[in-house]
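S.K.: predicted model follows, preceded by the sequence.
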Amino acid sequence: MLHCGLVSVSFRQNSVDDIIHAASAAGLSCIEWGSDVHLPPGDRELALTVAEKTKAAGLFCCSYGSYFRLGQDAPEMILPYLATAKILGTNIVRIWGGTKNFEEYDKREIDALVLQAKRAAQLAGQQGITLCLELHNWTVTNIYRNALFFVRAVGSDHLKLYWQPNQFQSDAYNLESAKALAPYVTQLHVFNWKGKDKFPLADAIPLWRDYLKAFDGDHCLLLEFMPDGEIASLQKEAQALFSIVNQENGLT
């Protein structure tokens with residue numbers, strides 16, 4: 001099953017209430033709450049409030065978008081994020097893999113990051129939570145082959161990946177990436193970017209239908225940032241996402 005949602009960091013300038021209202025009005029089913037603005041880790045009372053408001057609106061929290069970073073934060077620093085995720089009712093926490101591209105690390109540094117990831121994943125697994133690295137430039141997952149190497153090196157059921165197209169690579173590269181990484185992917189970030197420019201998702205419906213052919217099973221498709229940065233544009237972007245999913249699922 002595919003669930004349609006959004007990441008709250010798309011609207012850092014908007015309140016929790018604004019985001020819940022917009023997501024519900026757009027017909028979305030889930031939200032990834034971010035730890036940088038809307039829900040800092042360890043704030044139990046705020047987490048309870050956000051969880052309650054999300055549920056009351058008929059939505060669910062699909063993941064917690066943390067800014068825990070391997071190579072910068074000690075593995076035990078994941079604990080407040082795990083506690084917050086539990087309150088939100090999600091078993092997925094997004095993390096970041098290092099502070100530079102894979103190629104900029106030497107073998108000793110990569111080995112150290114792998115050990116840190118194993119420990120963080122162990123702590124997460126003890127609470128039934130899976131950590132997920134986002135595919136992102138300037139981290140060890142900058143190229144999909146690097147992401148594949150890293151997640152296999154860690155070798156934990158509690159360390160997986162998000163998938164998103166790399167806006168600085170070709171469509172062919174991204175299709176290859178989707179097929180190669182699909183077995184390790186939980187959530188997908190959905191957008192239509194080319195380099196530094198953002199375009200309406202409606203312009204990329206055929207391409208996204210091709211991307212989704214690589215992914216089986218349950219996934220949340222999360223809209224990330226609007227073409228114009230405005231929350232008012234969520235409705236239109238959500239409609240494009242529904243068009244992609246409906247076509248992929250053979251619905252009308």
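M.R.: Looks like it came in fine.
S.K.: make it CA atoms for all contacts and neighbour counts henceforth
M.R.: OK.
S.K.: pLDDT on the helix or strand where residue 152 lies, on average?
M.R.: Secondary structure from DSSP states H and E places residue 152 in helix 144-154. For helix 144-154, mean pLDDT rounds to 98.
S.K.: between helix 144-154 and whichever helix or strand comes after it, find me the angle.
M.R.: Next helix or strand after helix 144-154 toward the C-terminus (DSSP H and E): strand 159-163. Strand 159-163 runs at 160 degrees relative to helix 144-154, counting by axes from the mean of the first three to the mean of the last three Cα atoms, to 10 degrees.
S.K.: for strand 159-163, packing partners?
M.R.: helix 107-125, strand 130-133, helix 144-154, helix 171-181, strand 185-190 (3 or more Cα pairs under 8 Å, 6 or more residues apart in numbering; DSSP states H and E).
S.K.: skipping its backbone neighbours, what lies nearest residue 80 in space?
M.R.: Distance criterion Cα to Cα, 6 or more residues apart in numbering; nearest residue to residue 80, sequence neighbours excluded, is residue 42 at 4.9 Å.
S.K.: does that neighbour really touch residue 78, like I thought?
M.R.: No - Residue 42 is beyond contact range of residue 78, at 10.4 Å (criterion: Cα atoms under 8 Å).
S.K.: so which residues of this protein form helices?
M.R.: Here the chain has its helices, by DSSP state H, at 16-25, 44-56, 79-88, 107-125, 144-154, 171-181, 205-212, 234-249.
S.K.: for the first one, C-alpha coordinates in PDB please.
M.R.: Which is helix 16-25. Extracted C-alpha coordinates of helix 16-25, given in PDB (Å, rounded to 0.1, in the frame of the first residue of the first chain):
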ATOM      1  CA  VAL A  16       2.000  22.700  13.600                       C
ATOM      2  CA  ASP A  17      -1.700  23.600  13.400                       C
ATOM      3  CA  ASP A  18      -1.200  25.200   9.900                       C
ATOM      4  CA  ILE A  19       0.500  22.100   8.600                       C
ATOM      5  CA  ILE A  20      -2.100  19.700  10.000                       C
ATOM      6  CA  HIS A  21      -4.900  21.700   8.600                       C
ATOM      7  CA  ALA A  22      -3.200  22.000   5.100                       C
ATOM      8  CA  ALA A  23      -2.400  18.200   5.000                       C
ATOM      9  CA  SER A  24      -5.900  17.300   6.000                       C
ATOM     10  CA  ALA A  25      -7.500  19.700   3.500                       C
END
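S.K.: buried residues, that helix. List them.
M.R.: Within helix 16-25, the residues scored as buried using 16 or more other Cα atoms under 10 Å are 16, 19-20, 22-24.
S.K.: try the last one
M.R.: Buried residues in helix 234-249, counting neighbours by 16+ other Cα under 10 Å, are found at 234-235, 237-245.
S.K.: quick one, what contacts residue 207?
M.R.: residue 171 (Cα atoms under 8 Å, 6 or more residues apart in numbering).
S.K.: returning to what we had before: let me have the helices of the chain in JSON lines, extended by distance to residue 97.
M.R.: Converted to JSON lines, the helices of the chain look like this (distance: least, Cα to Cα, whole Å):
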{"stretch": "helix 16-25", "distance to residue 97": "27"}
{"stretch": "helix 44-56", "distance to residue 97": "25"}
{"stretch": "helix 79-88", "distance to residue 97": "16"}
{"stretch": "helix 107-125", "distance to residue 97": "8"}
{"stretch": "helix 144-154", "distance to residue 97": "9"}
{"stretch": "helix 171-181", "distance to residue 97": "16"}
{"stretch": "helix 205-212", "distance to residue 97": "24"}
{"stretch": "helix 234-249", "distance to residue 97": "28"}
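S.K.: now, of those, which is deepest in the fold?
M.R.: helix 79-88 (a mean of 21; mean count of other Cα atoms under 10 Å).
S.K.: is it true that residue 208 touches residue 244?
M.R.: Yes - using Cα under 8 Å, residue 208 is in contact with residue 244, at 6.8 Å.
S.K.: quick one, longest strand in the chain?
M.R.: Assignment by DSSP state E gives strand 60-70 as the longest strand of the chain.
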